[in-house]
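> Predicted coordinates and the sequence they were generated for:
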Number of protein chains: 2
Amino acid sequence: MNTGEDKILLSHGNGGRMMHQLIDDLFLRYLGNPILSEQTDAAIFPIDFHEMAFTTDSFVIDPLFFPGGNIGKLAVCGTVNDLAVSGSDPLYISVSFIIEEGLPMKDLETIVISIAEEAKNAKVTVVTGDTKVVNKGKCDKLFINTAGIGRVKKENLLISTGGTVQPGDVIIINGTIGDHGMAVMSARESFNFKYPVKSDCASLNHLIKEVLDQSSGVKFMRDPTRGGVASVLNELAGRAAVGIEIDESILPVNKGVHVMCELLGFDPLYIANEGKVIIVADPAESNHIMEIMKKNDLGRECAVIGRVNVDNPGKVVLKTVTGGRRIIDTLTGDPLPRIC
Amino acid sequence: MNTGEDKILLSHGNGGRMMHQLIDDLFLRYLGNPILSEQTDAAIFPIDFHEMAFTTDSFVIDPLFFPGGNIGKLAVCGTVNDLAVSGSDPLYISVSFIIEEGLPMKDLETIVISIAEEAKNAKVTVVTGDTKVVNKGKCDKLFINTAGIGRVKKENLLISTGGTVQPGDVIIINGTIGDHGMAVMSARESFNFKYPVKSDCASLNHLIKEVLDQSSGVKFMRDPTRGGVASVLNELAGRAAVGIEIDESILPVNKGVHVMCELLGFDPLYIANEGKVIIVADPAESNHIMEIMKKNDLGRECAVIGRVNVDNPGKVVLKTVTGGRRIIDTLTGDPLPRIC
């Protein structure tokens, strides 16, 4: 094993370089197989000739409640979105609780109600679950794991791998970036800014289905959670061996997120989102896709933020507002642990 | 909500009465639907006319390493067994890690290797996963969630609900009881008994498939994990509105487990197993099923431990070695937290 460290560090969980190293050098080394090694958000495999998607995520967000949601809503949205960006219709989810002894029952109830509401909203059914309780001090209030199953249409099978992405393709996002990470940060630090920041936490499956049903121009989709937009684009650039250029002046950023990032020295490109999808599309279809998205509340602020090109294969380049260009690398440190 | 407490207690996670109350009054109240409300070990539902099983479990066992296994092996066996006792062939599993900052990389590697080995042994494929790292002190070394998907044959659809159980049916177990819980206990307390105790942690899917493929006499199966044999039988007695009598003199208990239980005041009927299955079967098929089981290493010590009857519907009665009878109730306290 060559993870470079003899102990687990926080940055092994940040969605960036060290986490990928841990996944490659440890998890894939021992557990690797053709399905797992694809490293898509949801695994895709056939069962009796039906293509299925299967995904899992553990949620350890701190604090449990934040502007725009709570750990329960997030646990549903996160798994629904991983299934949806893999080109599948989310159908069933599991919910597993690890609860710290002493958690107020009222808090747990509020969170369970949010799970029920968001599952209803996303039209997924919670079909199985598990409950563990650990002694006080042995976990931090509450962790929730959700796993989910979806069905993939044959024509959407390649979307999660990005295998058909090519220079000229456009990069679309459905709205503003950095809202979730900054909302968690503001809840954690009890900031009181003039411009309030709210998490974008939302289930995107209906929006994504509308796009996939009405356009055949989608080549790749991914939700920019941990590690933000920068990490998703870097992963795609590496996978497809293409260059990517994004335009800073077009990046949709809410005023509150912009101010917080300026003040605290964060770059919204690295901040987690929980209701955003990056779509890489055929340029001939980009206007059509944007029209479809704008009809849905969750896509109203969509924008073309960049383009796939032949320059700097494997690299993501930001064209800055002042006209300069700088490379946007994969996340290395961890500015905001436990945002999901 | 009427969970009787305003805070989560350890006994809300013990597999006994308070856990069922929490599930009924909180989780099912808000999340309930016909599939979830069945409360089987794995959810069963059709996808495109194929019956699927889906289950999840979070593992918070302390310590991570114990005689007979570690948290990684356990996380595979636990989910494989939940799928298998539901009458399904386990196919795919997910693995999600919540890691405490500072965990020795070497320990994580050993655990991942065990996951790989046990998955290979059980013939399931790890197809998706997730990694979270939390700050030191915010979880206890390592928690692992696994979820799993299996395929159910139509003829096995009723096995997880026990809907066809009736008086006269026999209760079979594939071997000794209480090994896992006592092995964890001895690892935790560093006991040094004359008779060493080893966890029975094992994937039972091959054994169960052999039985189901060769006999049509199986009416109900369940793996007696948290809460032990007593809890599974109580649940069945309640579900099927039947009485159950078990015979203490026939209960298979290893010498070491027997000695530890005597010394520490535990009843092996309430102690967790991780490689045991309780099979309720048509009496005409019981010898045949025992013959099939004895050909597999994991079923060599199988025994008929009791019978379904019409006395005391909803109750489990133990015929003691001295010829007396006492009611074996559902677990209420929690003798051994964090054994899985």
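Thanks, I have it.
> if I pick the closest residue to A:Thr131 other than its chain neighbours, what's in contact with it?
With sequence-adjacent residues excluded and distances taken as Cβ to Cβ, 6 or more residues apart in numbering or on different chains, A:Thr131 is closest to A:Phe97, at 5.0 Å. (Glycine included, C-beta is placed from N, CA and C.) By Cβ atoms under 8 Å, 6 or more residues apart in numbering or on different chains, A:Phe97 lies in contact with A:Leu108, A:Gly129, A:Asp130, A:Thr131, A:Lys132, A:Leu142, A:Phe143, A:Ile144, B:Ser58.
> where's A:Phe97, which helix or strand?
If you go by DSSP states H and E, A:Phe97 is part of strand A:88-100.
> How about A:Met182?
Using DSSP H and E, A:Met182 sits within helix A:179-189.
> what separates that helix from the chain centre, distance-wise?
Computed by Cα atoms, centre = their mean, to the nearest Å, the chain-centroid distance of helix A:179-189 equals 16 Å.
> Show me what that helix packs onto, helices and strands only.
With contacts defined as 3 or more Cβ pairs under 8 Å, 6 or more residues apart in numbering or on different chains; DSSP states H and E, the packing partners of helix A:179-189 are strand A:65-66, helix A:255-264.
> Tell me the helix or strand right after the longest one.
Next helix or strand after helix A:255-264 toward the C-terminus (DSSP H and E): strand A:278-281.
> can you dump the C-alpha coordinates of that next one into CSV?
Only the C-alpha atoms of strand A:278-281 are listed here, as CSV (Å, rounded to 0.1, in the frame of the first residue of the first chain):
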residue,chain,number,x,y,z
ILE,A,278,-22.9,19.5,-14.1
ILE,A,279,-24.1,18.4,-17.5
VAL,A,280,-21.6,18.0,-20.4
ALA,A,281,-23.6,18.2,-23.6
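> Mind checking what helix or strand follows that strand in sequence?
Downstream of strand A:278-281, the first helix or strand assigned by DSSP H and E is helix A:286-294.
> residues making contact with the helix holding A:Met182?
Helix A:179-189 has contacts (Cβ under 8 Å, 6+ apart) with A:61-63, A:65-68, A:191, A:193, A:196-201, A:225, A:228, A:254, A:256-257, A:260-261, A:264, A:266, A:268, A:271-275, A:336, A:338-340.
> ok, and of the residues you listed, which contact chain B?
With Cβ under 8 Å from any Cβ of the partner chain as the criterion, the contacts of helix A:179-189 include A:Asp62, A:Arg338, A:Cys340 near chain B.
> what comes up buried for the worst-scoring helix or strand of chain A on mean pLDDT?
Lowest by mean pLDDT, DSSP states H and E among the helices and strands of chain A is strand A:43-47, with a mean of 75. Burial within strand A:43-47, assessed by neighbour count using 16 or more other Cβ atoms under 10 Å in any protein chain shown, is assigned to A:Ala43, A:Ile44, A:Phe45, A:Ile47.
> helices or strands up against it?
For strand A:43-47, the packing partners by 3+ Cβ pairs under 8 Å, 6+ apart come out as strand A:50-59, strand B:88-100, strand B:125-134.
> Let's have these in TSV, adding distance to B:Lys295 and mean pLDDT.
Formatted as TSV, these follow (distance: least, Cβ to Cβ, whole Å; pLDDT from 0 to 100):
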stretch	distance to B:Lys295	mean pLDDT
strand A:50-59	33	91
strand B:88-100	19	94
strand B:125-134	26	92
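> Good, wrapping up.
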